[in-house]
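K.L.:
Give me the fold of what follows.
(one chain, ligands or ions: 1)
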Amino acid sequence: MPVQPVFVATWRFGVAAARVGWKRLSQGATALDAIESAGNLTEEDPEVNSVGYGGLPNAAGEVELDAAIMNGVGHCAGAVGGLQRTRKPISVARRVFEQTPHTMLVGENARKFALRQGFPEANLLTSQSQERYIEWRKTQLGADVAHFDLGPTNSQPPQPLFTPDNHDTIGLCALDANGDLAVGCTTSGMSWKVPGRVGDSPIIGSGLYVDNEIGGAAGTGHGDEMMKACVSFRTVMNMERGMTPTEACAEALRYLIRKRPPEAHDHYGAALIALRKDGMVGGAATYSGFRHPDRLWQWAEATSADPVLHEGCYVTPGRILEQLG
Ligand code: ASP
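P.N.:
Okay, the predicted model is just below:
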């Protein structure tokens, strides 16, 4: 019996991705193909300044992309970290597992691999992202917190780089008509990051995870925090223990909060989406990062051509502020 396809994506800009992902699924595409198409859509949108082309650069002015894709069928995964001058990084990530015996390629050699696979060298900066970099750079003179090469010796301790408007990831989960699952993540990471920094998004188990018998999960938020708790893996394991997707996301975030000292909590936001094998979906976010009025936690769900935008389900240490969805 064919299964009703479902597609889930992080953030308001995930609505367009969910629409494309669901359309592909409704035409009979596999979950893996739908994830790649939806990821590419966001990666190619210059208006989304935290993913792919148009993403904000690192402290040296270079855009460095992180992406991963994982297929429930065969439990396969591919990832790229710190990929420069290449468009459609989620497609490069897919080539990693399809064309090499490996799971993750990083930096300059990931770029060379992409070139060999037919991804042409590209400028990832738009005039808007370049202008934002120049503005940011002006604020850094004499107190460069991000990188040693850019200015005089750093005289100040490192400041948290995570601000409401300098990061985001498109996290994606799909269930296809065969009942198979796949997940994906693609991002330019935190803007103004130290060159070479790789976030949670391409780390299997951290930014994303799928088990074809249970469900999938993907994350967005402060990757330097989230990768310390393997939150996507934990979310899927929570679903295996019988939790709903929303409960599973919330518990994984509570675990993260519990493990980190309270003074760290003000410096990050973390959010997760999850999709269970039976088609049930959910999401949750930490309270501190995503209650900013301009920056509410939102995620898109598509079970038809018109995705629905969900909002909220915030977790604080020990409890959930809003009704479980
Ligand atoms: N998780 C991404 C990173 O830390 C950023 C985000 O999703 O907001 O690179």
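
K.L.:
Stretch 256-269 near the ligand at all?
P.N.:
No: against the ligand, stretch 256-269 shows no contacts by CB under 6 Å from any ligand atom, the least distance being 7.6 Å. C-betas here are computed from N, CA, C, even on glycine.

K.L.:
which parts of that stretch are buried?
P.N.:
Leu256, Ile257, Arg260, Ala264, His265, His267, Tyr268, Gly269 (16 or more other CB atoms under 10 Å).

K.L.:
Quick check, the last one in contact with Ala284.
P.N.:
Looking back up the chat, that one is Gly269. No: between Gly269 and Ala284 no contact is recorded; they are 11.5 Å apart, counting by CB atoms under 8 Å.

K.L.:
what do those two both touch?
P.N.:
Listed contacts common to Gly269 and Ala284 are Trp297; contacts here mean CB atoms under 8 Å, 6 or more residues apart in numbering.

K.L.:
So which of the buried residues of stretch 256-269 belong to helices?
P.N.:
Of the buried residues of stretch 256-269, the ones assigned to helices by DSSP state H are Leu256, Ile257, Ala264, His265.

K.L.:
Closest one of those residues to the ligand?
P.N.:
Leu256 (12.7 Å; CB to the nearest ligand atom).

K.L.:
wait, isn't that closest one in contact with Ala229?
P.N.:
Yes: at 4.1 Å, Leu256 and Ala229 qualify as touching, with contact defined as CB under 8 Å.

K.L.:
Give me the pLDDT value at Tyr287.
P.N.:
Looking at Tyr287, its pLDDT reads 72.

K.L.:
burial count for it?
P.N.:
By other CB atoms under 10 Å, the residues close to Tyr287 number 19.

K.L.:
Touching, it and Trp297? I think so.
P.N.:
No: counting by CB under 8 Å, Trp297 is not a contact partner of Tyr287; they are 9.4 Å apart.

K.L.:
Overlap in contacts, those two.
P.N.:
By CB under 8 Å, 6+ apart, Tyr287 and Trp297 have these common neighbours: Tyr314.

K.L.:
Secondary structure element holding Glu225?
P.N.:
In this assignment (DSSP states H and E), Glu225 forms part of helix 223-226.

K.L.:
The next helix or strand after that helix and the ligand in contact?
P.N.:
Where DSSP H and E defines the elements, the next helix or strand beyond helix 223-226 is helix 231-240. No: judged by CB under 6 Å from any ligand atom, helix 231-240 stays clear of the ligand, getting no closer than 10.5 Å.

K.L.:
Can you give me the buried ones in helix 231-240?
P.N.:
Val231, Ser232, Phe233, Arg234, Thr235, Val236, Met237, Asn238, Met239.

K.L.:
Please enumerate the strands of this structure.
P.N.:
Assigned strands in the chain, in chain order: 6-10, 65-71, 76-83, 104-106, 170-175, 181-187, 208-211, 215-221, 270-276, 281-286, 298-302, 308-311, 314-316, 319-320 (criterion: DSSP state E).

K.L.:
No more questions from me, cheers.
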